[in-house]
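>>> Give me the fold of what follows.
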Amino acid sequence: MLETLRNAWKIEDLRKKIIFTLIMLFIYRLGTFVPVPGVDSSFIKAIIDQSGLLGFFNIISGGAFGNFTIFALSITPYINASIIMNLLTVAIPKLEALAKEGEEGRKKIAQYTRYFTVILAFIQAIGITFGMLRGSGALVENNVWTYLTVCLTLTAGTAFMMWLGEQITERGIGNGISLIIFTSIISRGPIAVVNLFNLAFRAKQINPLLLIVMLVFMIALIAGVIFIDMGQRRIPVQYSKRVIGRKIYGGQSTHIPMKVNSSGVLPIIFAVSILAVPQTIAQFMSQSSGFVKWVDKYFSQDSGLYAALYALLIIFFTYFYTQITFNPIEISNNLRQYGGFVQGIRPGKPTADYLARISNRLTLVGALFLALIAIIPIVVTAITKVPMSFGGTAVLIVVGVAMETSKELESQMLMRHYKGFLK
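Numbers count the residues shown, from 1 in each chain. Alright, predicted model coming up:
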């Protein structure tokens, strides 16, 4: 990664893109310190300390939600809008046809996603303002103008972050939205290190040797994520030769890459969101109620029931997302249309069944891997009593974004190398 950055910095065009990306990310980090007018953030911090979901949301936002700044909603409305649009593209024929129109169709879907992002951000801002801020003492004044100001400020912050991400994608290096999330998570690193240092050497609440164990564990966790993320099954494909006029087309061999972890971090995010629903409901109820006590007992992150449900939901959503995004019948039809076939497998339904069987096996391995990545930090924290600021989700995001950005830099350097060779 460092060698790739050093080589890319020597190329003027790439150096400009890297500088532009860093400037956009710097602007984003500045925005995480601009407070929303009319809100006392000390009440928000007290609520976050009592909620696992809000704590995870605060990590994703780079601390902006805890300080309740203009970027408090983070980029999650855009992520949710993108996921919903992808699902609707499969379910609605008009959107599916639009997606197959090429670049113009994708631009229209991207435009719909932007509009949907603003709508989701405004709805989420209303929910936070009326569900969490009203009546908690966080608002300086309880009137319509204050509510409207908070909602519009949060929505505008999300829209501006979406614009920053798109600018990075078009004029910088890597995927802008992913890099914003990457920067948010990394920015919490120094705070986590300082907190662990204070607990170990000042408060004497943690054995310093456990910090070494945790460091080794984190390195092993990152190595495992890289190993699985790069793992793929290559299905050999052969294209038959076709004679058109005096020319012969086809006849080459290629492969279909099928990744072990094709769903990425989305199943973990879905599972966290569902398990956090009881905790979120409990926040708005009396602490002496039976439901709140039941949630505190069985839905805390150190309980066995929570860990078991967490793992099962991750496995379920991994299969669910893979079934939506990977269509073996469509791939089989495309191969047959262009004269391709999987070696040793008959075209048509046998090919679709073969691809589905391979996909199910890889999905099982990927689902178990995601479940382990999510559960192991919880188990280690329960055993060592050392708080882990970064769970499996954060590690997956950071490693995945770093690898994808490095691959894009290498591909752009390779492209420029060939250009120079041809000239």
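>>> Let me know the distance separating Trp163 from Thr32.
Separation of Trp163 from Thr32 (C-beta to C-beta, to the nearest Å) stands at 16 Å. All C-beta atoms are positioned from the backbone trio N, CA, C, and that covers glycine.
>>> between those two, who's got more neighbours?
Using other C-beta atoms under 10 Å as the criterion, Trp163 and Thr32 rank with Thr32 on top: 23 against 13.
>>> Find the nearest non-adjacent residue to the more buried one, please.
Of all residues not flanking Thr32 in the chain, Ala64 sits nearest, at 4.1 Å (C-beta to C-beta, 6 or more residues apart in numbering).
>>> Report whether Phe341 is found in a strand, as I expect.
Yes - the assignment for Phe341 is a strand, going by DSSP: H, G, I helix; E, B strand; the rest coil.
>>> How many residues are close by the nearest residue to it once chain neighbours are set aside?
Excluding the flanking residues, the one nearest Phe341 by C-beta to C-beta, 6+ apart is Pro347, at 5.0 Å. A count of nearby residues for Pro347, using other C-beta under 10 Å, gives 16.
>>> need the contact list for Pro347.
Pro347 is in contact with Ser332, Leu335, Arg336, Phe341, counting by C-beta atoms under 8 Å, 6 or more residues apart in numbering.
>>> which ones among these are found in helices?
Per DSSP state H, helices hold the following members of those: Ser332, Leu335, Arg336.
>>> how close does Ala99 sit to Tyr338?
Separation of Ala99 from Tyr338 (C-beta to C-beta): 19 Å.
>>> between the two, which one's more packed in?
Ala99 (16 against 13).
>>> hmm, who's touching stretch 126-140?
Here stretch 126-140 makes contact (C-beta under 8 Å, 6+ apart) with 38-41, 43-44, 47, 68, 72-73, 142, 146-147, 150-151, 154, 283-284.
>>> in the stretch 51-200 of the chain, which spans are helices?
Counting by DSSP state H, counting those that start in this stretch, the stretch 51-200 of the chain has helices at residues 52-60, 64-67, 76-91, 93-99, 103-128, 144-171, 176-187, 189-197.
>>> Which among these is found nearest to Phe316?
helix 76-91 (15.6 Å; C-beta to C-beta).
>>> which strands and helices sit next to that closest one?
Where contact means 3 or more C-beta pairs under 8 Å, 6 or more residues apart in numbering; DSSP states H and E, helix 76-91 is packed against helix 93-99, helix 103-128, helix 144-171, helix 304-325.
>>> Output those helices in CSV; the columns should cover mean pLDDT.
Shown next, in CSV, are the helices and strands packed on helix 76-91 (pLDDT from 0 to 100):
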stretch, mean pLDDT
helix 93-99, 81
helix 103-128, 87
helix 144-171, 91
helix 304-325, 84
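>>> Which of the ones you listed sits closest to Trp9?
Across the helices and strands packed on helix 76-91, closest to Trp9 is helix 144-171 (C-beta to C-beta), at 17.2 Å.
>>> Which elements pack onto the closest one?
Judged by 3+ C-beta pairs under 8 Å, 6+ apart, the packing partners of helix 144-171 are helix 12-31, helix 76-91, helix 103-128, helix 176-187.
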